[in-house]
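[1] got a predicted structure plus its sequence, pasted below:
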Amino acid sequence: MMQRRWGSTKPQLETALVGDHRCRNVAAVTSTVPEAIPAGAMRSINQPRVAIDDELALRPWATADRPAVIQAFSDPDIVHWHSRRITTLTEADEWVEAQRDAWAGERSASFAIVDVATESVLGRAALHTQLEYGTAEIAYWVLPGARRRNVAARAGRAITAWGHGFGFHRIELEHSVFNEPSCRVAQRLGYASEGIKRSSVRHADGPHDMHLHSHLVSDEML
Ligand SMILES: CC(C)(COP(=O)(O)OP(=O)(O)OC[C@H]1O[C@@H](n2cnc3c(N)ncnc32)[C@H](O)[C@@H]1OP(=O)(O)O)[C@@H](O)C(=O)NCCC(=O)NCCS
């Protein structure tokens, strides 16, 4: 019988850890795959302002944005698809702080989409980041009064280009199969359809099938 290196339980553990490409930071198991983007790449710089076009820009969230955050998370569509309701300045403050902390914690690059003439918030575009793997997931919403003016598409294009430029080779986009406007945004941006993840996200009305799209750095930007 073959000699087991670690006794009766460790070999199973070793197999499980080594077999899972996401379990890199485990003592005694050294990954052969280098980090795609080094840790510290985000937190070592200030979150930038990103120009979109003559009318729009992406900028970090500010305390003054709290009323817009309350307006957003009082809208039935945003509440439904983002599973959060915000009704007080204190809650809005916490949300804004969480966006800033997420940059410092290298978990997310969350931007307000603003009208450059007034600096007022029209929406949100974010990349939820995994530096180690060089991947991210895009998220967005647009305030009801700013919809159907290509705000999501223009902001989505800008944050996708910014993300690829930062080093994320793959950016995913997921939406419920019932969220047709979001699917149109994905198509407008040239995110390729990859399939349906069955019952993968729970909303207030139960689990939803999620349509997965992705954009690779080598893909054309529409
Ligand atoms: C989805 C959402 C972000 C779209 O924002 P938007 O700024 O209005 O979208 P755009 O104007 O950039 O439109 C992009 C494309 O989607 C289409 N579209 C947008 N809203 C649509 C709607 N309600 N019905 C059908 N198509 C729609 C546009 O016609 C456009 O396609 P086209 O260029 O072929 O004409 C916005 O409706 C929203 O915030 N919804 C609630 C939150 C949400 O669903 N977030 C996404 C969760 S995955």
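    Cool, got the structure.

[2] tell me if residue 182 really is in a helix.
    Yes - counting by DSSP: H, G, I helix; E, B strand; the rest coil, residue 182 is found in a helix.

[3] quick check: it touching residue 80?
    No - using Cβ atoms under 8 Å, residue 182 makes no contact with residue 80, being 11.5 Å away. (C-beta placed from N, C-alpha, C; glycine too.)

[4] ok, the two, which is more surrounded?
    More neighbours surround residue 182 than the other of residue 182 and residue 80, with 21 against 16 (other Cβ atoms under 10 Å).

[5] for that one, give me the pLDDT.
    Predicted confidence (pLDDT) for residue 182: 98.

[6] which ones are touching it?
    81, 175, 176 (Cβ atoms under 8 Å, 6 or more residues apart in numbering).

[7] surely residue 221 touches residue 189?
    Yes - Residue 221 lies in contact with residue 189 (Cβ under 8 Å); the separation is 7.4 Å.

[8] rewinding a little: redo the contacts of residue 182 as TSV? Include secondary structure, neighbour count and pLDDT.
    Compiled in TSV, those are given as follows (DSSP: H, G, I helix; E, B strand; the rest coil; neighbours: other Cβ atoms under 10 Å; pLDDT from 0 to 100):
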residue	secondary structure	neighbour count	pLDDT
81	helix	20	98
175	strand	22	98
176	strand	18	98
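
[9] all strands of this protein, in order?
    Remark: strands assigned in the chain by DSSP state E are 50-51, 56-59, 108-115, 121-130, 135-142, 170-176, 192-203, 206-216.

[10] partner strands of the third one, with direction?
    Sheet pairing for strand 108-115, assigned by DSSP bridges, gives strand 56-59 (antiparallel), strand 121-130 (antiparallel).

[11] now swap in the fifth one and tell me
    Each strand that strand 135-142 pairs with, and the sense of that pairing, follows from DSSP bridges: strand 121-130 (antiparallel), strand 170-176 (parallel).

[12] got the CA positions of it in PDB?
    The C-alpha trace of strand 135-142 is given here as PDB (Å, rounded to 0.1, in the frame of the first residue of the first chain):
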ATOM      1  CA  THR A 135     -11.200  39.400 -13.100                       C
ATOM      2  CA  ALA A 136     -14.000  41.800 -12.200                       C
ATOM      3  CA  GLU A 137     -17.800  42.000 -12.300                       C
ATOM      4  CA  ILE A 138     -19.600  45.100 -13.500                       C
ATOM      5  CA  ALA A 139     -22.600  46.600 -11.800                       C
ATOM      6  CA  TYR A 140     -24.700  49.600 -12.600                       C
ATOM      7  CA  TRP A 141     -27.900  51.500 -12.000                       C
ATOM      8  CA  VAL A 142     -29.300  54.800 -13.400                       C
END
